[in-house]
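Asker: model the following, please.
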Amino acid sequence: MHDPYAHLPQVASFTVTSTDVSDGQPLPAAQMSGLLDAGGSDTSPQLSWSGFPPQTRSFAVTMYDPDAPTPSGFWHWAVHDIPASVTSLPSGAGDAEGSGLPAGAIQLPGDTGLARYVGAAPPEGHIRHRYFIVVHALDIESLGVAPGSAPAVQGFMMFTYTLARARIVPTAQR
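Answerer: Next up, the predicted model:
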């Protein structure tokens with residue numbers, strides 16, 4: 001199974017932790033999708049990060065499933081323009097209003113078309129899916145990616161500005 005970050009420039013890493021999800025472990029029901037009938041509540045996970053480069057000027061957070069049965073995978077969450085002074089997000093920050101996001105952060109529509117966190121929903125009987133929850137440390141305050149843009153545009157714009165990445169990769173299978 002491929003790593004979606006293997007073909008990007010190698011950058012430094014830092015630490016991301018969560019009280020809701022764990023690396024290599026199944027996603028709890030709260031982080032599964034209710035919208036996509038996976039029995040969950042579409043609650044974005046709590047995240048905290050540290051050890052990022054001192055020249056970091058902003059962060060982006062993404063959740064991507066490279067194992068979705070599509071040629072392009074599936075984007076569940078994409079947020080950018082998180083100020084460098086912010087080093088955590090509470091559970092549920094990625095709701096439809098972005099109520100737990102800092103002022104100025106931009107939440108993009110994922111592959112459901114909704115600008116919010118949409119939880120995991122692997123097809124029943126399909127392989128175990130990996131969900132790359134990644135915090136990206138960027139050397140720019142604003143990516144200049146407009147609300148309504150696709151997460152792939154955010155990823156493209158981050159290409160030359162990424163200083164470091166931190167990730168947690170929980171799983172799900174139904």
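
Asker: quick one: strands adjacent to the biggest strand by length in the chain?
Answerer: When the chain is scanned for its longest strand (criterion: DSSP state E), the result is strand 74-83. Take DSSP bridges as the rule and strand 74-83 pairs in its sheet with strand 58-65 (antiparallel), strand 106-107 (antiparallel).

Asker: okay, and the beta partners of the most centrally placed residue in the chain?
Answerer: Computing the C-alpha centroid of the chain and ranking residues by C-alpha atoms, centre = their mean puts T62 first, at 2.0 Å. Bridge pairing for T62 (DSSP bridges) gives the partners A78, V134.

Asker: and it, how far is that from A78?
Answerer: Distance of T62 to A78, given as C-beta to C-beta, to the nearest Å: 5 Å. In this view, the C-beta of every residue, glycine as well, is placed from N, C-alpha and C.

Asker: common neighbours of these two, please.
Answerer: 151, 154 (C-beta atoms under 8 Å, 6 or more residues apart in numbering).

Asker: if we can go back for a sec, export the strands paired with strand 74-83 to TSV and append columns for mean pLDDT and distance to G144.
Answerer: Listed next are these as TSV, based on pLDDT from 0 to 100; distance: least, C-beta to C-beta, whole Å:
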stretch	mean pLDDT	distance to G144
strand 58-65	98	11
strand 106-107	98	10
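
Asker: and S41, which of those strands is closest to it?
Answerer: When the strands paired with strand 74-83 are ranked by distance to S41, counting by C-beta to C-beta, first place goes to strand 58-65 at 15.1 Å.

Asker: render the CA-only coordinates of the longest strand of the chain in PDB, please.
Answerer: C-alpha atoms of strand 74-83 as PDB (Å, rounded to 0.1, in the frame of the first residue of the first chain):
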ATOM      1  CA  PHE A  74     -10.700  10.500  -0.600                       C
ATOM      2  CA  TRP A  75     -10.200  13.900   1.200                       C
ATOM      3  CA  HIS A  76     -12.100  14.000   4.500                       C
ATOM      4  CA  TRP A  77     -10.800  17.300   5.900                       C
ATOM      5  CA  ALA A  78      -8.600  20.200   4.800                       C
ATOM      6  CA  VAL A  79      -7.800  23.300   6.800                       C
ATOM      7  CA  HIS A  80      -5.100  26.000   6.200                       C
ATOM      8  CA  ASP A  81      -4.000  29.400   7.500                       C
ATOM      9  CA  ILE A  82      -3.900  28.200  11.100                       C
ATOM     10  CA  PRO A  83      -1.600  30.800  12.800                       C
END
